[in-house]
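1. got a predicted structure plus its sequence, pasted below:
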Amino acid sequence: MLTLAAAVWAGLVRIGWVLPTTGGLAASHGPLMVSGFLGTLIGLERAVALAALGRRWAYIAPALSALGALASLLGLSVGPLLLTLGSIALIAVFVEIIRRQPVAFTYTMTVGVVLWAVGNVLWLAGWPIFRVVWWWAGYLILTIAGERLELARLTRFTREALTAFFAIVGLYGVGLLLLSFTPLTDIGTRVVGAACLLLAIWLLRYDLARKTIRQPGLTRFIAQNLLLGYVWLVVSGLLTLAWGQQAAGLRYDAMLHTLFLGFVFGMIFGHAPVIFPAVLGRPLNYSPVFYGHMVILHVALLLRVIGDVAGRQDLRQWGGMLNGVALLIFLIVMAASLRRSQVRLAR
Ligand code: HEM
């Protein structure tokens, strides 16, 4: 949570707010978000499950990521190395998971972690972030897609649906290879965008959320978050397909944050009432208050993207600020709900 707060702060500095900051904080915004916060959270989620089966060593992966984030925050040069080691350790965790459950969703998530680790190794080797960011994005996209496959196990996909899914994952991989290891970086980035677009259409077509949105309460809340997230993935895919490789600036901002805030955080907001209790071992009661941070996040992102496209720095900057506010309210609401549920349980 500290890493997320610091990463948001760094993002606000990057978007133009004049705030107190340390030398390298703004530059560590991306790594802190992707590897520091999300890397630790995803690693923890897996470690909790494996530790319950006697594999406590699985905690090494999130511990390394968390230490890497802390070191980066303190400006220590060992930060990127620790974050990279954390991602490599998570591959070991997934090898164990595949050994126990060699199925489509575990393979998908494992490919995601491998992409994250490759991206980190390239970054450690000195590649600039705009060249490794699609490797990191692949990690988050495949982790989420894998989780959706896992949840949909009971409905069973048709052979055609699964074939289409893995073809899209393959297309993403081709894009990554083109943009990283050939002179066709622009085309490679557009291929990655096309794969994101196709994946979003696939998710909109096959995800259970289309059915569960008709149910009340938490189930409906989760489904709404997921569907909104898929729509943002459509937008991100279209922008990336249209604009190709960008190294910085307004287009870069819109392509990345429709994906990271709209899709990834849309998913996190939806899944948090399920993930936090699993990771922390405490119950969490759903409340309609959860709609507050959800609405702010998406409206703010819309404002920001309009600002990016229209070249309106004021809209972009306020959109970014409200994105940060949404993430802060999210943290506060989750902590308060966990506490309330705990107190209720103690009575
Ligand atoms: C409050 C929310 C956020 C704000 C205000 C923010 C702001 C920014 C800004 C201004 C940039 C630079 C864009 C440019 O070159 O003009 C950036 C880059 C980036 N952001 Fe964010 N961001 C936020 C959330 C996120 C999230 C949630 C993630 C990931 C999960 C993320 C990952 C990245 C990455 C990977 C980069 C590229 C970094 C680089 O090239 O150095 N951001 N962000």
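-> Looks like it came in fine.

2. is whichever strand or helix holds residue 225 positioned near the ligand?
-> In this structure, residue 225 is located in helix 217-243 according to DSSP states H and E. No. Counting by CB under 6 Å from any ligand atom, the ligand has no neighbours in helix 217-243; the shortest distance is 11.9 Å. Using the backbone N, CA and C atoms, a C-beta is placed for each residue, glycine as well.

3. for that helix, buried residues please.
-> Across helix 217-243, burial judged by 16 or more other CB atoms under 10 Å covers 218-219, 221-241, 243.

4. and for stretch 116-134?
-> Neighbour counts over stretch 116-134 (16+ other CB under 10 Å) mark 116-120, 122-123, 129-134 as buried.

5. what's the local residue count around residue 162?
-> 14 (other CB atoms under 10 Å).

6. do you know the pLDDT at it?
-> Per-residue pLDDT puts residue 162 at 91.

7. residue 286 too?
-> On pLDDT, residue 286 comes in at 86.

8. wait, it touches residue 216, no?
-> No. Residue 286 is not in contact with residue 216 according to CB atoms under 8 Å; the separation is 10.3 Å.

9. neighbour count: the two, which is higher?
-> Set side by side, residue 286 and residue 216 show more neighbours around residue 286, with 16 against 7, by other CB under 10 Å.

10. what's the mean pLDDT across stretch 3-17?
-> What stretch 3-17 shows for mean pLDDT is 96.

11. is any residue of that stretch near the ligand?
-> Yes. Among the residues of stretch 3-17, 8, 11-12, 14-15 lie within reach of the ligand under CB under 6 Å from any ligand atom.

12. now swap in stretch 110-120 and tell me
-> No. Shown here: stretch 110-120 not in contact with the ligand (CB under 6 Å from any ligand atom), separated by at least 10.1 Å.

13. how about the top helix by length along the chain: buried residues?
-> Scanning the chain for the helix with the most residues, using DSSP state H, yields helix 313-346. By 16+ other CB under 10 Å, the buried positions in helix 313-346 come out as 315-324, 326-327, 329-330, 333-334, 337-338, 341.

14. helices or strands next to that helix in the packing?
-> helix 2-14, helix 250-257, helix 266-280, helix 291-310 (3 or more CB pairs under 8 Å, 6 or more residues apart in numbering; DSSP states H and E).

15. send me the last one as PDB with only the CA atoms.
-> Okay, so that is helix 291-310. What follows is helix 291-310, C-alpha atoms only, in PDB (Å, rounded to 0.1, in the frame of the first residue of the first chain):
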ATOM      1  CA  TYR A 291     -19.100   2.400  -6.300                       C
ATOM      2  CA  GLY A 292     -17.500   5.700  -5.200                       C
ATOM      3  CA  HIS A 293     -13.900   5.000  -6.200                       C
ATOM      4  CA  MET A 294     -15.100   3.000  -9.200                       C
ATOM      5  CA  VAL A 295     -17.000   5.900 -10.700                       C
ATOM      6  CA  ILE A 296     -14.300   8.500  -9.900                       C
ATOM      7  CA  LEU A 297     -11.600   6.200 -11.500                       C
ATOM      8  CA  HIS A 298     -13.400   5.900 -14.800                       C
ATOM      9  CA  VAL A 299     -14.700   9.400 -15.100                       C
ATOM     10  CA  ALA A 300     -11.300  10.800 -14.300                       C
ATOM     11  CA  LEU A 301      -9.600   8.500 -16.900                       C
ATOM     12  CA  LEU A 302     -12.100   9.700 -19.500                       C
ATOM     13  CA  LEU A 303     -11.200  13.300 -18.700                       C
ATOM     14  CA  ARG A 304      -7.500  12.500 -18.900                       C
ATOM     15  CA  VAL A 305      -7.700  10.700 -22.200                       C
ATOM     16  CA  ILE A 306      -9.800  13.500 -23.700                       C
ATOM     17  CA  GLY A 307      -7.000  15.900 -22.400                       C
ATOM     18  CA  ASP A 308      -4.300  13.700 -24.000                       C
ATOM     19  CA  VAL A 309      -6.100  13.500 -27.400                       C
ATOM     20  CA  ALA A 310      -7.100  17.200 -27.500                       C
END
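
16. noted, bye for now.
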